[in-house]
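Student: would you be able to build a 3D model of this:
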Amino acid sequence: MGAIDQTSEPAGTYLSGKLLIAMPGIGDPRFERAVILVCAHDEEHAMGLTVNRPVEGLMLADLLDRLDIATVSETAPGLDDPILIGGPVERERGFVLHTGDYHSENSLPVAEDLALTATREVLETLAHGAGPRRSVMALGYAGWGAGQLEQEIRDNVWLTCTADEALLFGDDHDHKWSQALAKLGIDPGLLSAAAGQA
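Tutor: Numbers count the residues shown, from 1 in each chain. You can find the predicted model right below:
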């Protein structure tokens, strides 16, 4: 079977702000059916957050409580949002992916109207109900060394597509993988676990 043309991006284009969709049979249970937003990508490295893996039973309110960050109201928006498993690297480290209407000097722009902030300040802002329009908190991240992600894409480990708010911030985590594939016009049932193999 030939390689799937997964993106119209020209060769050498960095993928910050794009989604990676794990191909079936990826061979690593940490990334099986994963949907990962690439937050940073250059010639030296790539870093991304998985957006479809909630931590069982851990909500933002629980995390804020563990960090002794007081909320202004138990009904503040987002407090019942699940915390996500962002990836296998530095799983104790937290990242808030959010819309661009919130910005601090420590925010990393990811794409138009999308940023990443990894400070206590953004959590305090969320606790006070004054945060960004949409956000999600993740623990850990996925990382790649120089050229590693590009090689994995050439090897058909990942498909790529544009991100949208439903995939990034929606709560239908069980279906984000198939929804991301649908953006590419791909029926998940037609994908072979042996994709990319001769």
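Student: so which strand or helix has the closest residue to Asp42 other than its chain neighbours?
Tutor: What sits nearest to Asp42 in space, not counting adjacent residues and going by Cβ to Cβ, 6 or more residues apart in numbering, is Tyr14, at 6.0 Å. For the C-beta atoms, the positions are set from N, CA and C on the backbone; glycine is no exception. Per DSSP states H and E: Tyr14 is located in neither a helix nor a strand.
Student: is it true that Tyr14 touches Cys39?
Tutor: No - taking Cβ atoms under 8 Å as the definition, Tyr14 is not a contact partner of Cys39, at 11.3 Å.
Student: and the two? Which one has more around it.
Tutor: Using other Cβ atoms under 10 Å, the more surrounded residue of Tyr14 and Cys39 is Cys39, with 25 against 15.
Student: tell me the contacts of that one?
Tutor: By Cβ atoms under 8 Å, 6 or more residues apart in numbering, the contact set of Cys39 is 16, 47-49, 95, 97, 108, 110, 116, 141.
Student: pretty sure Glu143 sits against Gly87.
Tutor: For the record, residue 143 is Gly, not Glu. Yes - with contact defined as Cβ under 8 Å, Gly143 reaches Gly87; the gap is 7.1 Å.
Student: so what sits against both of those two?
Tutor: Common neighbours of Gly143 and Gly87 are listed as Gly48 (criterion: Cβ under 8 Å, 6+ apart).
Student: between those two, point out the one with more neighbours.
Tutor: More neighbours surround Gly87 than the other of Gly143 and Gly87, with 23 against 16 (other Cβ under 10 Å).
Student: so what pLDDT did that one get?
Tutor: Gly87 is assigned 96 on the pLDDT scale.
Student: also Pro188?
Tutor: For Pro188, the predicted pLDDT is 82.
Student: cool, His128 as well?
Tutor: 88.
Student: what pLDDT does the closest residue to it other than its chain neighbours get?
Tutor: Distance criterion Cβ to Cβ, 6+ apart; nearest residue to His128, sequence neighbours excluded, is Val72 at 5.0 Å. Val72 is assigned a predicted lDDT (pLDDT) of 81.
Student: having no further points to raise, I will conclude here.
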